[in-house]
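[1] based on what follows, work out the 3D shape:
(2 chains)
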Amino acid sequence: MTISIKPTASGSTIEQDGSTILTVDGSGNITPSNQMYPKVPAFDVYASASQSISNSVWTKVTLNTETYDTFNCFDTSNNKFQPNVAGYYQLNGQIRFTNSSSLIQMVIGFYKNGSILKLGSNLRDIVSASPMQITISHLVYLNGTSDYVELYGYIAATSPVLTYTNANEANSSMNGALVSI
Amino acid sequence: MNLKEKIMVIYPELTDDDFAYPVGIIKIQNDSDGKGDYIKEWNHPTLAQPTEEELNDN
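    Numbers count the residues shown, from 1 in each chain, chains lettered A, B, ... in the order given. Okay, the predicted model is just below:
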């Protein structure tokens, strides 16, 4: 690898093997080229259909439509995120649901390798006002091979449904990205 | 009738609190794999976990 610094009319450039990777202007402002930003796993998936669930049952959320998935790490057949790069991932989830009458409790959680890893919203004795959304956000280490994360919800209510809406921003969803190795 | 309701028919003494997370002693789960609801954890101190046969009878 060859690194070289070349003066320009207004500052200088730093090249790696003949390609500019940094530009420094006369005021000392540094502008990296796109190559400075590594491509990492990032994904956003959502439920494109309603999912009927049982009262008081931890149920995996069906997330079958991808907005983007840069490394093809989200398995829409099995509804799980299983990255092929090890590191710390910032993951976020949302569940949208409706119910017909009583609403006792609603919980959202991430499962790692089949077991509960982290809970997000955990609300009890809420006056029924469906549809509602609950959310979760968590930083989790995944080994890049066998580790995977799934989104689960628990709704203690009469006839709960994870409901789809044309307002896509409100649908059940999960997204995340690698933030550190 | 869902699995929770079947269990409560077999054991009428159970209440919703027995299934509530995280204080409940019975955890039912559904992995959305087409296999339906199943008993993930049964930690009741005196009542035995119902068998598949008992559940299917209800």
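[2] phi and psi next, for residue 16.
    I went with chain A, as the question did not name one. Backbone torsions of residue A:16, given as degrees, to the nearest 10, read phi -120, psi 120.
[3] that answer is for a different chain, and I need it for chain B
    phi -60, psi -30.
[4] what about it, how many neighbours?
    Counted with other C-beta atoms under 10 Å in any protein chain shown, residues neighbouring residue B:16 total 15. In short, each C-beta sits where N, CA and C put it, glycine included.
[5] and it, how far is that from residue B:8?
    9 Å (C-beta to C-beta, to the nearest Å).
[6] and residue A:83, that one's in a strand?
    No: judged by DSSP: H, G, I helix; E, B strand; the rest coil, residue A:83 forms no part of a strand; its state is coil.
[7] residue B:53 belongs to a strand, doesn't it?
    No: using three-state DSSP, the secondary structure at residue B:53 is helix, not a strand.
[8] local confidence estimate at it?
    As predicted, residue B:53 sits at a pLDDT of 94.
[9] near chain B, which residues of chain A are found?
    Residues of chain A lying near chain B by C-beta under 8 Å from any C-beta of the partner chain: A:51, A:53-62, A:78-79, A:104-105, A:107, A:122, A:154, A:156.
[10] ok, of those, which come out buried?
    Using 16 or more other C-beta atoms under 10 Å in any protein chain shown as the burial test, the residues of chain A next to chain B include A:51, A:53-62, A:79, A:104-105, A:107, A:154, A:156 as buried.
[11] from the chain's centroid, how far away is the helix or strand of chain A with the lowest mean pLDDT?
    Lowest on mean pLDDT, DSSP states H and E among the helices and strands of chain A sits strand A:30-32, with a mean of 84. On the basis of C-alpha atoms, centre = their mean, to the nearest Å, strand A:30-32 sits 28 Å off its chain's mean C-alpha point.
[12] other SSEs contacting it?
    strand A:19-25 (3 or more C-beta pairs under 8 Å, 6 or more residues apart in numbering or on different chains; DSSP states H and E).
[13] ok, residues contacting the strand it packs on?
    The contact list for strand A:19-25 (C-beta atoms under 8 Å, 6 or more residues apart in numbering or on different chains) reads A:8, A:10-15, A:30-33, A:35-36.
[14] check contacts around residue B:57.
    Contacts of residue B:57 (C-beta under 8 Å, 6+ apart): none.
[15] same check, this time on residue A:117
    Contacts of residue A:117 (C-beta under 8 Å, 6+ apart): A:109, A:110, A:111, A:138, A:140, A:149.
[16] mind redoing it with 6 Å?
    By C-beta atoms under 6 Å, 6 or more residues apart in numbering or on different chains, residue A:117 lies in contact with residue A:110.
[17] give the closest residue to residue B:2 in space, chain neighbours not counted.
    residue A:54 (4.6 Å; C-beta to C-beta, 6 or more residues apart in numbering or on different chains).
[18] hmm, residue A:160 and residue A:100 touching each other?
    No: in terms of C-beta atoms under 6 Å, residue A:100 does not count as a neighbour of residue A:160; the distance is 8.5 Å.
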